[in-house]
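>>> Below are the sequence and a predicted model; questions follow.
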Amino acid sequence: MSADRLPTAPGTSAAEQLPPAFPERAAWGTAGKLRAWQAEALELYFQKQPKDFLAVATPGAGKTTFALRLAAELLAQRVVNRVTVVAPTEHLKVQWADSAARVGIKLDPHFKNSQGKHAPGYHGVALTYAQVAAKPVLHHNRTAAGRTLVILDEVHHGGDALSWGDAVREAFGPAVRRLSLTGTPFRSDTSPIPFVTYAPDENGIRTSVADYSYGYGRALKDSVVRPVLFLAYAGAMTWRTKAGDEMSHVLGEETTKDINSQAWRTALDPKGDWIPAVLKAADMRLTEVRRTVHDAGGLVIATDQEAARAYAKRLHEITGEKPTVVLSDEAGASERIEQFQNSTDRWMVAVRMVSEGVDVPRLCVGVYATSSSTPLFFAQAIGRFVRARKRGETASVFLPSVPVLLALANSMEAERDHALDRPKNEDENDVVVFDDQAMEQANRNEGASSDQLGSFEALGAEALFDRVLYDGGEFGTGGAIGSEDELDFIGIPGLLEPDQVRELLSTQQARQAKRKTAAAPPAPETETSELEHRAMKEERNQLQSLVGAWSRRTGTPHQNVHVELRKACGGPAVAQATREQIQARIKKLQGWFVGKK
């Protein structure tokens, strides 16, 4: 069908539907050199010429550039004459329109459903999934009124609700071409993602099938993304349950799922000491990175708005500079993010909206201060820090030392697909899955179910440096806040090649082990009871950290390590042991690390 014979939406003329002329290929083809994967994916696309194409590329790899170059080619070939982009948030609509304008594609990010049609002079519009779900028939008619390419950004959002999926299918069924993009092609539920093909794997489980995939591991080797240092922090947590029982747990030690969740929630309490200690450490890391990456910025991802405001206040106290606060996808949020991106300000604090798709390449340091533990959310959140600008940049993310997060950090290179058939847990006859909806409900301050995170009062939270995770390896044997054991890792230079990072981490770990082989000095006879109490507390933390490190190295449960230490050194359990007995166990355990049984 020729451009002057297009079907029209009700109440509009063919002339009103015509997009502006698109630049000749010579004018836009030199706009920017494609990365190898982008060129490879484009070549595959034009070999197949499919109606539907799913491209999976790790966050930070350049999905937007790939999609817009494909759109430009299709417009130049007159395969399509209209482009619709669907994104998760209002901010991303503007981001897409800005990027499209740089290659000559004019998108209206401010289109409202009430308008019915986009203004003259545009090739198309940028929408949100919620906007499509509100008026699917309108967008069906708009799509049918031209030869439309639909770009579904972070397409897994099309399965956020059954009604959303139905709306997306209805609205974009008439599209001539559909390009689906995602950095995380998996969801915690089994809602099918619109326009995605599913096929049974070797176990008969129906999983999503990508037409082209570009994972984090390959992108890291290509220097397209940064390597990530995860700095994990443990510490002693105390809280009171709804029943009035006082509970305590050392974050990072083995325990039940419920206790671990409550300890994690206690750690994130803005009134405790854990968060200020971790924020201060993260700011020190940011200072170190800015020695070589002068505009490096940091991002704190909070669970909710109340926590975000409290963290921002703490950061202001630490740095003397007010951070940018982005509370939700609200009026002014996009402008605040853009202002932060174009500045050299140190910190931004946000809840969920900055976790996905938002492009702030100067973010180098992050604090994962949220109780969300879904693989989808974690991958998208970490994706904000991995976009590489030049060789040698390294991202640093501070997080609580809880098993689920450490497992996700250690599996950064794992590539997942969306499964429609959940595997069963043989012990519980239940599904093995992180539930996004349940966690989102649990994250809310009000109405949280005691079955999810428990109703309790946080009483105290102390931080302890635990370890560094990098490239599947673990480094460090823990240390007190402000100790050399912590500062050795915080002070790693901001510009290093990946192999240099690993070599330096190994060197720092060896230095730490060497320091810890020396016995703790005996307390002076004149030491006051207050100083004695503080020293005892620090040494207990040191012992717990060493026990955790030995447990991870050998696979021996914490309890068994403590039993072996008591057999070797004598004395009661840690809580009843004297300072001399604690020191003896520290010395014994340090000897184990250097092979002195």
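The structure has been received and is ready for your questions. Residues are numbered from 1 along each chain as shown.
>>> how about the strands in the stretch 1-150 of the chain?
Secondary structure of the stretch 1-150 of the chain by DSSP state E, counting those that start in this stretch: the strands cover 52-57, 82-87, 107-108, 124-128, 148-152.
>>> An error on my part: the question was meant for the stretch 201-350 of the chain.
Using DSSP E, counting those that start in this stretch, strands in the stretch 201-350 of the chain cover 206-209, 212-214, 228-241, 246-251, 297-302, 324-326, 347-350.
>>> Then the stretch 451-597 of the chain?
Under DSSP E, counting those that start in this stretch, the stretch 451-597 of the chain gives strands at 456-461, 464-470, 473-475.
>>> what pairs with the first one, and is each one parallel or antiparallel?
The one in question is strand 456-461. In the sheet, strand 456-461 lines up against strand 228-241 (antiparallel) (DSSP bridges).
>>> Now the partner strand: buried residues?
228-239 (16 or more other Cβ atoms under 10 Å). Quick note: C-beta positions are derived from backbone N, CA and C, even for glycine.
>>> With distance to Leu149 and pLDDT as extra columns, can I get those residues in JSON lines?
Shown next, in JSON lines, are the buried residues of strand 228-241 (distance: Cβ to Cβ, whole Å; pLDDT from 0 to 100):
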{"residue": "Val228", "distance to Leu149": "34", "pLDDT": "92"}
{"residue": "Leu229", "distance to Leu149": "40", "pLDDT": "94"}
{"residue": "Phe230", "distance to Leu149": "39", "pLDDT": "95"}
{"residue": "Leu231", "distance to Leu149": "43", "pLDDT": "96"}
{"residue": "Ala232", "distance to Leu149": "44", "pLDDT": "95"}
{"residue": "Tyr233", "distance to Leu149": "46", "pLDDT": "96"}
{"residue": "Ala234", "distance to Leu149": "50", "pLDDT": "93"}
{"residue": "Gly235", "distance to Leu149": "51", "pLDDT": "90"}
{"residue": "Ala236", "distance to Leu149": "56", "pLDDT": "89"}
{"residue": "Met237", "distance to Leu149": "52", "pLDDT": "91"}
{"residue": "Thr238", "distance to Leu149": "57", "pLDDT": "90"}
{"residue": "Trp239", "distance to Leu149": "53", "pLDDT": "89"}
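>>> of those, closest to Asp359?
Set against Asp359, the nearest of the buried residues of strand 228-241 by Cβ to Cβ is Val228 (17.4 Å).
>>> Now do the spatially closest residue to the closest one that is not a sequence neighbour: how many residues are near it, please.
Distances taken as Cβ to Cβ, 6 or more residues apart in numbering put Ala395 closest to Val228, at 4.6 Å, once the chain neighbours are dropped. Using other Cβ atoms under 10 Å, Ala395 has 24 other residues around it.
>>> What are the phi and psi values at Ala395?
phi -90, psi 150 (degrees, to the nearest 10).
>>> wait, it sits on Pro227?
Yes. Between Ala395 and Pro227 there is a contact at 7.1 Å, judged by Cβ atoms under 8 Å.
>>> My understanding was that Arg336 contacts Thr324; is that so?
Yes. With contact defined as Cβ under 8 Å, Arg336 reaches Thr324; the gap is 5.5 Å.
>>> which one of the two has more residues nearby?
Thr324 (20 against 17).
>>> Now do the contacts for that one.
If you count contacts by Cβ atoms under 8 Å, 6 or more residues apart in numbering, Thr324 has them with 336-337, 339-340, 345, 347-349.
>>> hmm, 10 Å instead?
297, 299, 312, 336-337, 339-341, 343, 345-350, 354 (Cβ atoms under 10 Å, 6 or more residues apart in numbering).
>>> cool, and Ala549?
Counting by Cβ under 10 Å, 6+ apart, Ala549 touches 466-467, 474, 476-478, 513, 516, 561, 589, 593.
>>> quick one: which of those residues is nearest to Asn203?
Closest to Asn203, out of all of the contacts of Ala549 and judged by Cβ to Cβ, is Glu474, at 30.8 Å.
>>> How many neighbouring residues does that closest one have?
For Glu474, using other Cβ under 10 Å, the count is 20.
>>> partner residues bridging it?
Applying DSSP bridges, one finds that Glu474 bridges with Leu469.
>>> Make a ChimeraX selection of the buried ones in the contacts of Thr324.
With 16+ other Cβ under 10 Å as the criterion, this ChimeraX line picks the buried residues out of the contacts of Thr324:
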select :297,299,312,336,337,340,341,345,346,347,348,349,350,354
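>>> Just give me the residue right at the centre of the protein.
In the chain, the residue lying closest to the centroid (Cα atoms, centre = their mean) is Ala381, at 1.9 Å.
>>> helices and strands around the helix or strand hosting that residue, which ones?
In this structure, Ala381 sits in helix 375-382 according to DSSP states H and E. In terms of contacts (3 or more Cβ pairs under 10 Å, 6 or more residues apart in numbering; DSSP states H and E), helix 375-382 is packed against strand 297-302, strand 363-369, strand 395-400, helix 403-410, helix 436-443.
>>> I'd like to know the average pLDDT value across the third one.
Meaning strand 395-400. Taken as a whole, strand 395-400 has a mean pLDDT of 96.
>>> Using PDB, list the CA coordinates for it.
Extracted in PDB, the C-alpha atoms of strand 395-400 (Å, rounded to 0.1, in the frame of the first residue of the first chain):
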ATOM      1  CA  ALA A 395      31.100  -0.300  39.200                       C
ATOM      2  CA  SER A 396      30.800  -0.700  43.000                       C
ATOM      3  CA  VAL A 397      27.500  -1.800  44.600                       C
ATOM      4  CA  PHE A 398      27.100  -2.000  48.400                       C
ATOM      5  CA  LEU A 399      24.500  -4.500  49.700                       C
ATOM      6  CA  PRO A 400      23.400  -6.300  52.800                       C
END
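>>> Give me the common contacts of Ala395 and Pro227.
Contacts common to Ala395 and Pro227, judged by Cβ under 10 Å, 6+ apart, are 386, 388.
>>> helices and strands of the chain: which one bottoms out on pLDDT?
strand 430-431 (a mean of 29; mean pLDDT, DSSP states H and E).
>>> Need the single longest helix in this protein, by residues.
Longest helix of the chain, by residue count under DSSP state H: helix 529-554.
>>> Tell me which residues of that helix come out buried.
535-536, 539-552.
>>> Any regions of the protein where pLDDT drops low?
Flagging of the chain using pLDDT under 70 yields the residue ranges 1-32, 159-162, 185-191, 328-331, 352-357, 413-456, 516-534, 575-576, 594-597.
>>> Return the residues in contact with the closest residue to Ala219 other than its chain neighbours.
Excluding the flanking residues, the one nearest Ala219 by Cβ to Cβ, 6+ apart is Val225, at 4.5 Å. Counting by Cβ under 10 Å, 6+ apart, Val225 touches 58-62, 216-219, 383, 385-388, 393, 395, 412.
>>> Buried subset of these as a PyMOL selection?
PyMOL command restricting these to the buried ones, with burial defined by 16+ other Cβ under 10 Å:
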select buried, resi 58+59+60+61+62+216+218+219+383+385+386+387+388+393+395+412
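>>> Can you give me the buried ones in stretch 464-473?
For stretch 464-473, the neighbour count (16+ other Cβ under 10 Å) marks 464-471 as buried.
>>> Thank you, goodbye.
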